[in-house]
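**Q** can you look at this prediction? I've put the sequence above it.
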Amino acid sequence: MQRRSFLQSSAVLSLLGLGACATTSVPAKAKVVVIGGGYGGATAAKYVRLLSDYKIDVVLIEPQAAFVSCPISNLVLSGGKQIADITTPYTGLSKNHGVTVVKDSASAIDTAKKTVTLAGGATIRYDKLVVSPGIDLVYSSIAGLQEAQVAGQILQAWKAGAETVALRKQLEAMPDGGVYAITIPEAPYRCPPGPYERASVVAGYFKAVKPRSKVLILDANPDVTSKGPLFKKVWAEQYQGMVEYRSQHKATAVDAKAGVIRFDVQDDVKAHVINALPSMRAGAIAVQTGLNNMGNKRWCGVNYQTFESTAAKDVFVLGDSIQIAPAMPKSGHMANSHGKVAASAIVAQLAGWEVNPAPMLTNTCYSFVDNKNAIHVASVHEYVALEKTFKAVAGSGGVSAAPTEQEGGYALSWASNIWADTLM
Amino acid sequence: MKIKNLTLMLAFCALTASFLSHAQSASAQAALYTRSLAATCANCHGTDGKAVQGASMVALAGLDKNYLAAQLKAFKSGAQPATVMHQISKGYSDAQIEVLAGYFAAQKK
């Protein structure tokens, strides 16, 4: 009997991968626990260590073995980069900064008991918790999309990784003269200029290799949501007759077999490669914990001075999951900036100090229009205590005059530096 | 007598320690705010101004304080043309620029 239950439990252990090859021991408690190793969470983990002079212990919970960047991932679709070029391991955080990286996902948060339970079964007690889970794709917003995605027929590739590589393969397999269609959900969504960048660089690939092909941009929004005049000029001049932009096209259903997209008002569209981006909302763990108290329960409200949740004490929400202040895009650069403001606030609170009364955020977002040339939008945001929000500093920020190769170089250097600032 | 001396000494020590720790804590708090401000540059210029080798952005760590402040002010006024820094620098006050210049000048290259 005892032997049998022992055998059963070791079978369970090995199924969970916790048998002989277990490497990470999960601590029972940590001053700071971070859920999610993206631009927000990884930066927060590193900067709590840095700003506390390595005095505060940090556990980072992340299911992926390595970080795959969404920024620059569109160049994997155009063939300008390989997936390995946009992948960075998490070992820098542990080796260089002593962050305890636990390869697992959070399955539950108890904000009263201040514990996080992991999918693997372990429970960690925290003093401060950072929740940075990114976005969840609401597949149900487009009928038929979930099934088509599971079958590998219609991809999002909006979370960079295996789908990015798979979508590249679909584009490579598409015959010359084919149609690639990308559907864009109503704002707010992750990375406002991302879909337009994607359409542009895919057109660049078509122009070089299969010039009779077409790119259709089917946008639920009334107009291009970011860098509009710059993108429209590129489509009209560089990709004349190849890229077509249609506003007010809200996708409601897809038929993968027939290659058809249906809309709430407009006529159906046929395409060889459909890249459907559904509605987005805060990551599942944030929703499950009830942190999603804003924007029709899609986003998480935060105190902008600290990024502490307005729904739970000692819980800080970062990145794409938050309800943004005006002119604050959902971008990787912004998430990194959130991570630093939160890290500084956490370090101050744990030391018993007043938190920084005047935190600042920057955003610099480059978009490629082909494999070489890029444009940017930049902004600087200051916390306005009187209004308890971030506001763009008057007179700061702006966009490029035109795409240039010089900015293409800066875009790649930006990526190298922010990956290092976040993860190394 | 001895005991009284000892008590006084202990009280004096405690007072000094408390004063020192308070002063240290205030300066550590100020340092935290400065580091937080400087961290807004790190996304593009590297953590503490140590840019990745081969990147086209200037590595700010260890550059001369006056040079850094003058460059930022020249971007801000438009005297120094740029692709993006003329837009970013306008987000910072002259006082913040002085703090940033001092911080990056003090970092090891």
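**A** Ah, there it is. Numbering: from 1, shown residues only, chains lettered A, B, ... in the order given.
**Q** in PDB, list the C-alpha atoms belonging to stretch A:45-53.
**A** Extracted C-alpha coordinates of stretch A:45-53, given in PDB (Å, rounded to 0.1, in the frame of the first residue of the first chain):
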ATOM      1  CA  ALA A  45      12.800  42.200 -11.500                       C
ATOM      2  CA  LYS A  46      16.200  43.500 -12.600                       C
ATOM      3  CA  TYR A  47      15.600  47.000 -11.300                       C
ATOM      4  CA  VAL A  48      14.300  46.000  -7.900                       C
ATOM      5  CA  ARG A  49      17.600  44.200  -7.500                       C
ATOM      6  CA  LEU A  50      19.600  47.100  -8.900                       C
ATOM      7  CA  LEU A  51      17.900  49.900  -7.000                       C
ATOM      8  CA  SER A  52      17.900  48.000  -3.700                       C
ATOM      9  CA  ASP A  53      21.700  47.400  -4.200                       C
END
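**Q** now do the buried residues in that stretch.
**A** In terms of neighbour count (16 or more other C-beta atoms under 10 Å in any protein chain shown), stretch A:45-53 has its buried residues at A:45-52. (Glycine included, C-beta is placed from N, CA and C.)
**Q** so which of those residues sit within helices?
**A** Judged by DSSP state H, the subset of the buried residues of stretch A:45-53 located in helices is A:45-51.
**Q** show me the contacts for A:Met328.
**A** Contact analysis of A:Met328 by C-beta atoms under 8 Å, 6 or more residues apart in numbering or on different chains lists A:334, A:361, A:363, A:381, A:390.
**Q** ok, which stretches of chain B are helices?
**A** Taking DSSP H as the criterion, chain B carries its helices at B:2-45, B:65-77, B:85-88, B:94-105.
**Q** out of those, which one sits most buried?
**A** helix B:85-88 (a mean of 22; mean count of other C-beta atoms under 10 Å in any protein chain shown).
**Q** and that one, how far out from the chain middle?
**A** Distance, stretch centre to chain centre, for helix B:85-88: 20 Å (C-alpha atoms, centre = their mean, to the nearest Å).
**Q** which pLDDT value belongs to the residue in the stretch 251-400 of chain A that chain B sits nearest to?
**A** Among all residues of the stretch 251-400 of chain A, A:Val380 sits closest to chain B, at 2.3 Å; criterion: C-beta to the nearest C-beta. A:Val380 carries a pLDDT score of 98 in this model.
**Q** okay, now residue 106: neighbour count?
**A** In the absence of a named chain, chain A is used. Around A:Ala106 there are 26 other residues, counting by other C-beta atoms under 10 Å in any protein chain shown.
**Q** ah, no, chain B please
**A** Other residues close to B:Ala106 by other C-beta under 10 Å number 13.
**Q** I'd like the distance between it and A:Trp235.
**A** Here B:Ala106 is placed at a distance of 48 Å from A:Trp235 (C-beta to C-beta, to the nearest Å).
**Q** now do A:Ala108
**A** 46 Å.
**Q** which one of those two is surrounded by more residues?
**A** A count of neighbours by other C-beta under 10 Å puts A:Trp235 above the other of A:Ala108 and A:Trp235, at 23 against 13.
**Q** list the contacts for the residue in chain B positioned nearest to chain A?
**A** Nearest to chain A, among the residues of chain B, is B:Gly91, at 2.3 Å (C-beta to the nearest C-beta). Neighbouring residues of B:Gly91 by C-beta under 8 Å, 6+ apart: A:360, A:362, A:379-382, A:392-393, A:396-397.
**Q** let's see that with 7 Å instead.
**A** Going by C-beta atoms under 7 Å, 6 or more residues apart in numbering or on different chains, B:Gly91 touches A:380, A:393, A:396.
**Q** what number of residues lie near the second one?
**A** By other C-beta under 10 Å, 18 other residues sit near A:Val393.
**Q** and for it, nearest residue in space, chain neighbours not counted?
**A** Leaving aside its sequence neighbours, A:Val393 sits nearest to B:Gly91 (C-beta to C-beta, 6 or more residues apart in numbering or on different chains; 4.1 Å).
**Q** helix, strand or coil: sort out A:Ala112 for me.
**A** coil (DSSP: H, G, I helix; E, B strand; the rest coil).
**Q** ok, it - how many residues close by?
**A** 8.
**Q** so how far is chain B from it?
**A** As for A:Ala112, its distance to chain B is 30 Å (criterion: C-beta to the nearest C-beta, to the nearest Å).
**Q** do A:Ala122 as well
**A** 31 Å.
**Q** rewinding a little: restrict the ones in helices among the buried residues of stretch A:45-53 to those near chain B?
**A** Restricting those to those near chain B by C-beta under 7 Å from any C-beta of the partner chain leaves A:47, A:51.
**Q** pLDDT added to the ones in helices among the buried residues of stretch A:45-53, as JSON lines?
**A** Listed next are these as JSON lines, based on pLDDT from 0 to 100:
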{"residue": "A:Ala45", "pLDDT": "98"}
{"residue": "A:Lys46", "pLDDT": "98"}
{"residue": "A:Tyr47", "pLDDT": "98"}
{"residue": "A:Val48", "pLDDT": "98"}
{"residue": "A:Arg49", "pLDDT": "98"}
{"residue": "A:Leu50", "pLDDT": "98"}
{"residue": "A:Leu51", "pLDDT": "98"}
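**Q** the ones in helices among the buried residues of stretch A:45-53: which two are farthest apart?
**A** Spatially, the most separated pair among these is A:Ala45 and A:Leu51, at 11.5 Å (C-beta to C-beta).
**Q** for residue 90, grab the count of nearby residues.
**A** Looking at chain A here, since you left the chain open. Counted with other C-beta under 10 Å, A:Tyr90 comes out at 20.
**Q** wait, I meant chain B there
**A** Using other C-beta under 10 Å, B:Lys90 has 18 neighbouring residues.
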